[in-house]
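Q: Using only what follows, build the 3D model:
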Amino acid sequence: MRKFILLSVVVILFTATKVTAQNGDYNTSSSYTTAVGVKFYPGAISVKHFVGDNKAVEGLAYFWNRGFRVTGLYEIHGDINDVAGLKWYIGPGAHVGFYSSKYGGGSSIGVDGVLGLDYKIEGAPINLSLDWQPSFEFANNYGNGFTGGWGGFGVRYTF
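A: You can find the predicted model right below:
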């Protein structure tokens, strides 16, 4: 599993660097174009890339002891005028997950939302985020419905 995670990180870093090099810098209100790092709770690899002035896409690959979940988010960012580098964001997304438990294995598919804060440390290639990511499960072996326990604190390296 550790080799898989390491390989995933290397592929994500290579892809993010390649996309940034090919697309060049956007003239965005963000102080960075791409960021790669980790999100804590439950634990994810995170890649965020701005695709317009205030719009970004974020990919998350969550790993935990009984499975993994991949989430894609589309985020709309807005400035918070009193604090340089601080933005709020909101947006929709979707996920698919695979897991196992003592009762057997399964999968989950659903839609997500995200609401959070994004802070780029001035003068350093570091981005911090804190968000809540509620989701609604459509296909889950243990029941469908609302799940409010996703999201967390992110630390990323910016390009």
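Q: switch to C-alpha atoms for all contacts and neighbour counts from now on
A: Fine.
Q: these two touch, right, Ala139 and Gly106?
A: No: between Ala139 and Gly106 there is no contact under C-alpha atoms under 8 Å: 9.4 Å.
Q: what sits against Ser100?
A: Arg66, Gly67, Gly106 (C-alpha atoms under 8 Å, 6 or more residues apart in numbering).
Q: Would you mind pulling the contact partners of stretch 131-151?
A: 39, 41-42, 106-117, 130, 152-153.
Q: and if we set it to 7 Å?
A: 41, 106-117, 152-153 (C-alpha atoms under 7 Å, 6 or more residues apart in numbering).
Q: quick revisit: TSV for the contacts of Ser100, including secondary structure?
A: Shown next, in TSV, are these (DSSP: H, G, I helix; E, B strand; the rest coil):
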residue	secondary structure
Arg66	coil
Gly67	strand
Gly106	strand
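Q: quick one: which of those residues is nearest to Glu122?
A: Proximity of the contacts of Ser100 to Glu122 was ranked by C-alpha to C-alpha; the top entry is Gly67 with 36.5 Å.
Q: And the pLDDT for the closest residue to the closest one other than its chain neighbours?
A: Once flanking residues are discounted, Gly67 sits nearest to Tyr99: 4.0 Å by C-alpha to C-alpha, 6 or more residues apart in numbering. On the pLDDT scale, Tyr99 is placed at 84.
Q: residues touching Tyr99, list them.
A: Taking C-alpha under 7 Å, 6+ apart as the test, what Tyr99 contacts is Arg66, Gly67, Phe68, Gly105, Gly106, Ser107.
Q: Perfect, that will be all.
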